[in-house]
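>>> Test case, fold it:
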Amino acid sequence: MLRSVAGIISLFAIVAWFSNATTAIADEISAAAAESSIVYEVHIPKGLDKFEPALLKIKTGDSVKWINEDDRGHPIASIPGQGTNDKELFSKPIPPGGSWSYTFKKAGEFPYFCYIHYVMMGAVIVEEVEQTPPAKTE
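Predicted coordinates:
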């Protein structure tokens, strides 16, 4: 009886160690992904009714920050019926001197426009981050 109790306790200890090791590896992967994410900037220049740059290629987990340098507000919205998810992007009007950011969590094409000034269009193409498995330790 004593042997089986000791065996069960040993089994619990191994499971607890494995659980902690798995959590530590997952935390390291998450931390590495967070450190590697980038914030890209899209500028709305004064008086030009356009986004600069109009096209961005980024990776999942990266963010885009739209900066309004114009003297009018400009809201950002996905173009209905276009892209991977036509309801992904939607901001309140970005005031002059203000900004709005969005983090892209999935791959795809995300065309957008200013829903007040329809000639202003852009797109963000999001590619999957290449995952490298953690190194094996022995």
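>>> Tell me the pLDDT of F12.
As predicted, F12 sits at a pLDDT of 42.
>>> Can you report how many residues neighbour V39?
Neighbour count for V39, taken as other CB atoms under 10 Å: 11. Bear in mind the C-beta positions are built from the backbone N, C-alpha and C, glycine included.
>>> what about the nearest residue to Q82 once chain neighbours are set aside, which helix or strand?
Leaving aside its chain neighbours, Q82 sits nearest to P111 (4.7 Å; criterion: CB to CB, 6 or more residues apart in numbering). Using DSSP states H and E, the element containing P111 is strand 108-114.
>>> Can you tell me the strand partners of that strand and which way each runs?
Here strand 108-114 has these sheet partners by DSSP bridges: strand 76-78 (antiparallel), strand 121-127 (antiparallel).
>>> Out of those, the one nearest A107 is which?
strand 121-127 (5.0 Å; CB to CB).
>>> same question for that closest one, mean pLDDT?
96.
>>> before we move on, what about stretch 65-78?
Stretch 65-78 comes out with an average pLDDT of 97.
>>> One more: stretch 98-110?
Here the average pLDDT along stretch 98-110 is 95.
>>> end to end, how far does it reach?
Stretch 98-110 has its terminal residues 22 Å apart, counting by CA to CA, to the nearest Å.
>>> got it, and stretch 74-82?
20 Å.
>>> In that stretch, which residues are buried?
74-79 (16 or more other CB atoms under 10 Å).
>>> just stretch 91-102 next, same as before
Within stretch 91-102, the residues that qualify as buried by neighbour count (16+ other CB under 10 Å) are 91, 93-94, 98-100, 102.
>>> what's the answer for stretch 97-117, then?
Buried, per 16+ other CB under 10 Å, within stretch 97-117: 98-100, 102, 104, 110-115, 117.
>>> Could you pull out the strands in the chain for me?
39-44, 55-59, 63-68, 76-78, 99-103, 108-114, 121-127 (DSSP state E).
>>> right, so of these, which gets closest to T84?
Closest approach to T84 among the strands of the chain is made by strand 108-114 (2.6 Å; CB to CB).
>>> And for that closest one, what's in contact with it?
Contacts with strand 108-114, where a contact means CB atoms under 8 Å, 6 or more residues apart in numbering, come from 44, 49, 74-79, 82-85, 88-89, 104, 120-126.
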